[in-house]
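Colleague: based on what follows, work out the 3D shape:
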Amino acid sequence: MKEVRYFYVPDACHRDELPVDEANHALRVLRLQSGDQMFLMDGNGAFYEAEVTLASSKHCHYRITNTLVQEKAWKGKIHLGIAPTKMMERIEWMAEKSTEIGIDEFSFLHCKFSERKVLKKERIEKIVVSAMKQSRKPWMPVVHEMTAFRDFIDAHTTGHRYICHCYNEIEKKDLYTELLLLAKDEAVPEVTILVGPEGDFSIDEVNYALSQGFESVSLGNARLRTETAGLSGVMMAQLAMRK
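Modeller: Take a look at the predicted model:
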C-alpha cells in the first residue's frame, strides 16, 4: 500500500496546480506521475482527495475528486504571543510542536529583556506548514511579524487575555484553572496567552498589560524555559477548550 501524500495548497479548490515548493517535492522527491493519488490541505479546514493530471519537470497539475471538510478539535481561538529565544532553534521547536498540538495564531514579541530582536517569519511559516502536514491538521496557523510589546498590547483589546510571568509580588491566578472555567461558561472563547523572554517580561511590561485588561497568570510552580512555557500554555488551552 502506497503512503498517502499530503500537500499544502491555499485555495486548493480554486486552482489546479501545486505551488512551486510543493510541486518540487512532489516531482523531484516523491516522483509523482499522472494518475497518482494525493491529499491536499487548504489551511482553512478542508482536505481534498486529488489525482495528478500532469507531471512535468516543474509543474504538477491535479484534479480534485473529493472534498472532506473537517471540524476543529478545539473550541474558539488559541493565540500565543511569545518573545523569541536567543537560540532560534528553540522557538522553531516550539512553533512546530504547538502546530502539531493545535493553535490558531502566533505573534512574536520584542520585549525589554529580549535577546533576539529579529525573526524570519518565512522560516517559521515553513516549519508550521511541515508540522501541519505531519499532524494531518488542515488549519494553517497565522504567523505574524515580530512586534514591539506595547504595540501588541495596544492592538489586542478583545477576547480573554493572559500574561504569564514570575513576579511573586504580583498576584497570579492559575492559567489552566482559568481556562477550564472559561471553556465551561463560554461556547467560543478567544484566548491570547503571553510568554516573555529568557529574562521574563519587565515588571513595567507586566503592569502595563494588566492596566490594559490582561490577566496575571501562572503556568505552575516550576520555572520553565521560554519555549517550554509557550508550549505549556498552548497545551493547557487545548486541554481546556477541546470539544
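Colleague: for Glu205, give me its contacts.
Modeller: By CB atoms under 8 Å, 6 or more residues apart in numbering, the contact set of Glu205 is 111-112, 149-150, 196. Just so you know, the C-beta spots here come from the backbone N, C-alpha and C atoms, and that holds for glycine as well.
Colleague: need those residues in CSV (columns: pLDDT).
Modeller: CSV is the format used below for the contacts of Glu205 (pLDDT from 0 to 100):
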residue, pLDDT
Cys111, 97
Lys112, 96
Phe149, 98
Arg150, 98
Gly196, 97
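Colleague: narrow those residues to just the buried residues.
Modeller: 111, 149-150, 196 (16 or more other CB atoms under 10 Å).
Colleague: mind checking which of those residues are in helices?
Modeller: Residues of those located in helices (DSSP state H): 149-150.
Colleague: residues touching Arg242, list them.
Modeller: 73-75 are the contacts of Arg242 under CB under 8 Å, 6+ apart.
Colleague: and which of those is nearest to Ala237?
Modeller: Trp74 (7.7 Å; CB to CB).
Colleague: so that closest one touches Ile103, yeah?
Modeller: No: using CB atoms under 8 Å, Trp74 makes no contact with Ile103, being 9.1 Å away.
Colleague: quick one: the helices in this structure?
Modeller: Secondary structure of the chain (DSSP H): helices located at 20-24, 88-101, 121-134, 149-155, 175-185, 203-211, 226-241.
Colleague: can you show me the CA trace of the fourth one as PDB?
Modeller: Output in PDB follows, covering the C-alpha atoms of helix 149-155 (Å, rounded to 0.1, in the frame of the first residue of the first chain):
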ATOM      1  CA  PHE A 149       5.500  44.600  23.200                       C
ATOM      2  CA  ARG A 150       3.400  47.700  23.800                       C
ATOM      3  CA  ASP A 151       2.200  47.800  20.200                       C
ATOM      4  CA  PHE A 152       0.900  44.300  20.600                       C
ATOM      5  CA  ILE A 153      -0.800  45.100  23.900                       C
ATOM      6  CA  ASP A 154      -2.400  48.300  22.400                       C
ATOM      7  CA  ALA A 155      -3.600  46.300  19.300                       C
END
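Colleague: rewinding a little: please pick the buried ones from the contacts of Arg242.
Modeller: Buried subset of the contacts of Arg242 (neighbour count, 16+ other CB under 10 Å): 74-75.
Colleague: among the contacts of Arg242, name the ones in strands.
Modeller: Among the contacts of Arg242, no member falls in strands (criterion: DSSP state E).
Colleague: care to break this structure down by domain?
Modeller: Domain assignment for the chain by the TED database gives 6-69, 77-241.
Colleague: pull the most distant pair out of the buried ones among the contacts of Glu205.
Modeller: Farthest-apart pair in the buried ones among the contacts of Glu205 is Arg150 and Gly196; separation 13.6 Å (CB to CB).
Colleague: how many residues are close by the closest residue to Ala148 other than its chain neighbours?
Modeller: Distances taken as CB to CB, 6 or more residues apart in numbering place His110 nearest to Ala148, at 5.1 Å, with adjacent residues excluded. Counted with other CB atoms under 10 Å, residues neighbouring His110 total 19.
Colleague: gap between His110 and Arg116?
Modeller: The spacing between His110 and Arg116, counted by CB to CB, to the nearest Å, is 8 Å.
Colleague: just to revisit the earlier point, surely the residue nearest to Ala148 and Met146 touch.
Modeller: Yes: counting by CB under 8 Å, Met146 is a contact partner of His110 at 5.6 Å.
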